[in-house]
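**Student:** After the sequence you'll find the predicted model.
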Amino acid sequence: MSKLFTPFDLSGVSLANRVVMAPMTRTRTPENMPTELTALYYAQRASAGLLITEGLPISEEGRGYLYTPGLYTDEQTQAWRKVTDAVHAKGGKIFAQLWHVGRMSHLSIQPGNAQPVSSGEQPAINTTVYAWSAPGVAGPVAPSIPRALSSDEVRRVTGDFVASARRAIEAGFDGIELMAANAFLFDQFLSSELNTRTDEYGGSVANRQRFLLETVDALAKAIGGARVGVRISPFGRLYDLRPFAGEAETWMSVASALNERTLAYVHLNYQPTITAAEVPAGFGAQFRRAYRGTLIGAGGFNRELAEAELEKGDLDLIAFGTAYIANPDLVARMRHGWPLAESDRSTFYGVIGSKGYTDYPAFEGEAELEAEASS
């Protein structure tokens, strides 16, 4: 059997296979909390070894996009319990991705129409967020100019992550993933181009990674390190994240620091795409030498590439993103060599209802195969 479909022990969480459903923002929840359709969406995909939710804002301040379900109120926590119950009823495992977008937000969706927050005051340009383009009209708008968090506010945001993580466990999640990738808040602190601070959270590599590591440690103390995953995207170029001095040194320092901690995993999204820079040759192997814990790889994988990477031994689990939108039964399709359905990109975001969300069927030959196996 392909290694991709073999079980895996994720720090005590038993996964049926090494396939991970990657986190994907879908902007499907007008009230900013999961619905019955959310529960169905994840339950349909529960044959993955591990599901990672879309990014869940840890506070109103942390929100950068309309219609994203948060995890910071009692009502949201109770609603997420229905999702985790639905996934567990199908035998699946699910982690909540906790999210603060930093500067990737707009005044119209910030509490009191305040400025978004970041490591500094440099706005993201040539990109958009999904907010109110006019009163009552949702649409893409340029991110607002941010303000720099004070040192005390940085520590307060760490506390917001901890509070959300505790809610995740209360809601029945098997663990949480800290979203420290894709140009959001932690990336904004790690970048020496964006982070020009002169306090303990700016300057040296050690200072720029302090916010991330303090948050990881606080999460581990609150819910246990075995329930904490971290997603990073070295050399990422999304949302106006630019090259910065000491970039390779920064990422190897992060790898070494995370290796010193007991974590569920590190989720590495470093494959080149149309919005990412070329990763330096050998970086993946260098990262693997520095970080020896469970490593998830994400970025443009199909079954063949996934199997090849697992055989090399640099990765332990493989995350699939877009393929999961139109293929809720992706594991079965890959295992049996069935064709993959194509997704409708026009329904990726902002559509309310089931269209392009929960209306993709399982492969039509699956029922026949199951009938033959049981006869």
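**Tutor:** Nice, thanks for sending it over.
**Student:** Going by residue numbers, what spans are strands in the stretch 201-350 of the chain?
**Tutor:** Ranges of strands in the stretch 201-350 of the chain, per DSSP state E, counting those that start in this stretch, are 228-232, 265-269, 295-298, 317-320.
**Student:** For the last one, which strands pair with it and how are they oriented?
**Tutor:** Here the strand partners of strand 317-320, with direction, are listed using DSSP bridges: strand 19-21 (parallel), strand 295-298 (parallel).
**Student:** where's the closest residue to residue 324 other than its chain neighbours relative to residue 206, distance?
**Tutor:** Residue nearest to residue 324 in three dimensions, not counting chain neighbours: residue 21, with 5.0 Å by CB to CB, 6 or more residues apart in numbering. Every C-beta, even on glycine, is put in place using the N, C-alpha and C of the backbone. Distance of residue 21 to residue 206, computed by CB to CB, to the nearest Å: 34 Å.
**Student:** List the contacts of the residue nearest to residue 50 when sequence neighbours are not counted.
**Tutor:** What sits nearest to residue 50 in space, not counting adjacent residues and going by CB to CB, 6+ apart, is residue 20, at 4.7 Å. By CB atoms under 8 Å, 6 or more residues apart in numbering, the contact set of residue 20 is 48, 49, 50, 51, 52, 296, 298, 317, 318, 319, 320.
**Student:** Okay, now the unreliable bits of the chain?
**Tutor:** 1, 270-278, 365-375 (pLDDT under 70).
**Student:** For burial, what's the neighbour tally of residue 209?
**Tutor:** Neighbourhood size, residue 209 [other CB atoms under 10 Å]: 22.
**Student:** Do I have it right that it meets residue 191?
**Tutor:** No - between residue 209 and residue 191 there is no contact under CB atoms under 8 Å: 11.0 Å.
**Student:** which residues of this structure fall in helices?
**Tutor:** Assigned by DSSP state H, the helices in the chain fall at 36-44, 74-89, 151-170, 185-190, 205-208, 210-223, 247-259, 283-290, 303-312, 323-326, 330-336, 365-374.
**Student:** among these, which is nearest residue 176?
**Tutor:** Closest approach to residue 176 among the helices of the chain (CB to CB): helix 151-170, 4.9 Å.
**Student:** Give me the helices and strands touching that closest one, please.
**Tutor:** helix 74-89, strand 94-99, strand 175-179, helix 210-223 (3 or more CB pairs under 8 Å, 6 or more residues apart in numbering; DSSP states H and E).
**Student:** residues of that helix that come out buried?
**Tutor:** 154, 157, 158, 160, 161, 162, 164, 165, 166, 167, 168, 169 (16 or more other CB atoms under 10 Å).
**Student:** okay, the angle between that helix and strand 94-99?
**Tutor:** Relative orientation of helix 151-170 versus strand 94-99 (axes from the mean of the first three to the mean of the last three CA atoms, to 10 degrees): 160 degrees.
**Student:** what sits up against helix 151-170?
**Tutor:** The contact list for helix 151-170, computed with CB under 8 Å, 6+ apart, reads 56, 58-59, 61-62, 71-72, 76-77, 80-81, 96, 98, 100, 117, 149, 175-176, 178, 185, 199-201, 211, 214-215, 218-219, 222-223, 227-228.
**Student:** From the chain's centroid, how far away is it?
**Tutor:** From the chain centre to the centre of helix 151-170 is a distance of 17 Å (CA atoms, centre = their mean, to the nearest Å).
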